[in-house]
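Student: prediction below, plus the sequence it came from.
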Amino acid sequence: MKTSPESYRTFYEHEADQYRITPEAEPAWIHRRNLVRRLLPKKLTGPILDAGCGDGAMTEDMAAATGVPLIGVDLSMKRARYATASKQRGHYAIGSIYELPFADDTFEAVVCADLLEHLDDPERAVAELVRVSRDAVVLSVPYAISIETTLCPHCLEEYYLYGHQHSFGRDGVEKLAKASGAKVEAFDHLIPMFECRRYRLFPPLKWLLWSHFKDSGTLGARLRKN
């Protein structure tokens, strides 16, 4: 059964009124940005798609860093309109990741940052990302999280905490890639605290703490079409 994006649109429109997805509003944004930058192919000519672009901050950053055309797509009309009104480089559209409004092989690279864990059908979404890419797909997901549910005090319905429906490790991402006609070319595991300068200057600190934090942070991957 196909998941209808309309069943989620009301929620995401409400969410768009509650907070912004920007470097100023989200301390973790800078780490996702660094991860995406490391995984993007070098010497891009474009265009690039940012699927699930939110308020457009990542789209604008990639456009500035690469100098190539960027298109951002989000299910939320409010977020797409906010991005269009406030940004300078990217172009924005409203659409579902399950049915991207683009022809096969349209984009040199496709980026999807921290979205798959929220979806009913991540496999279907990745297949769509691979379809519209002619080369690389860059993904990021929370690494090996615990899936928890809780009771909403307003409607008394059970829901996924933070909207996280899926947990991915390397095996899970490889399975998504294989099912979508792609393969994982590179992984990058980011743990925010280890991005700090002191851990780069004194690597033994990282080794001492690694066993405690190794199943945390964000997992990034660059996929290539078979």
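Tutor: Perfect, thanks for sending it.

Student: beta partners for the residue nearest in space to the middle of the chain?
Tutor: The centre of the chain sits closest to residue 113, judged by Cα atoms, centre = their mean, with a distance of 1.2 Å. Beta-bridge pairing of residue 113, defined through DSSP bridges, involves residue 140.

Student: what sits against it?
Tutor: Contact partners of residue 113, counting by Cβ atoms under 8 Å, 6 or more residues apart in numbering, are 32, 35, 36, 50, 52, 58, 138, 139, 140. Quick note: C-beta positions are derived from backbone N, CA and C, even for glycine.

Student: for residue 71, same thing?
Tutor: When contacts are taken as Cβ under 8 Å, 6+ apart, residue 71 is in contact with 47, 48, 49, 50, 59, 90, 91, 92, 93, 107.

Student: just checking, the fourth one touches residue 109?
Tutor: What that stands for is residue 50. No: between residue 50 and residue 109 there is no contact under Cβ atoms under 8 Å: 9.8 Å.

Student: who has more neighbours, these two?
Tutor: residue 50 (30 against 25; other Cβ atoms under 10 Å).

Student: now the host helix or strand of the more buried one: average pLDDT?
Tutor: Here residue 50, judged by DSSP states H and E, is contained in strand 48-51. Strand 48-51 carries an average pLDDT of 98.

Student: and if you look at stretch 141-154?
Tutor: 82.

Student: so what touches that stretch?
Tutor: Contacts for stretch 141-154 (Cβ under 8 Å, 6+ apart): 114, 116-117, 157-161, 164-169, 173, 189, 215-219.

Student: and if you look at stretch 20-28?
Tutor: 19, 29, 30, 33, 54, 55, 57, 79, 82, 192.

Student: now do stretch 168-188
Tutor: Contacts of stretch 168-188 (Cβ under 8 Å, 6+ apart): 35, 38-39, 116-117, 122-123, 126-127, 129-130, 136-137, 139, 141-144, 166, 219-226.

Student: if we can go back for a sec, switch the contacts of residue 71 over to CSV; also include distance to residue 153.
Tutor: CSV is the format used below for these (distance: Cβ to Cβ, whole Å):
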residue, distance to residue 153
47, 44
48, 41
49, 38
50, 34
59, 35
90, 38
91, 40
92, 35
93, 36
107, 42
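
Student: closest to residue 69 out of those residues?
Tutor: The nearest member of those to residue 69, counting by Cβ to Cβ, is residue 47 at 4.1 Å.

Student: separation between the closest one and residue 223?
Tutor: To residue 223, residue 47 is 18 Å away according to Cβ to Cβ, to the nearest Å.

Student: quick one, strands of the chain?
Tutor: Ranges of strands in the chain, per DSSP state E, are 48-51, 70-74, 91-94, 107-113, 133-142, 149-151, 158-160, 182-190, 218-225.
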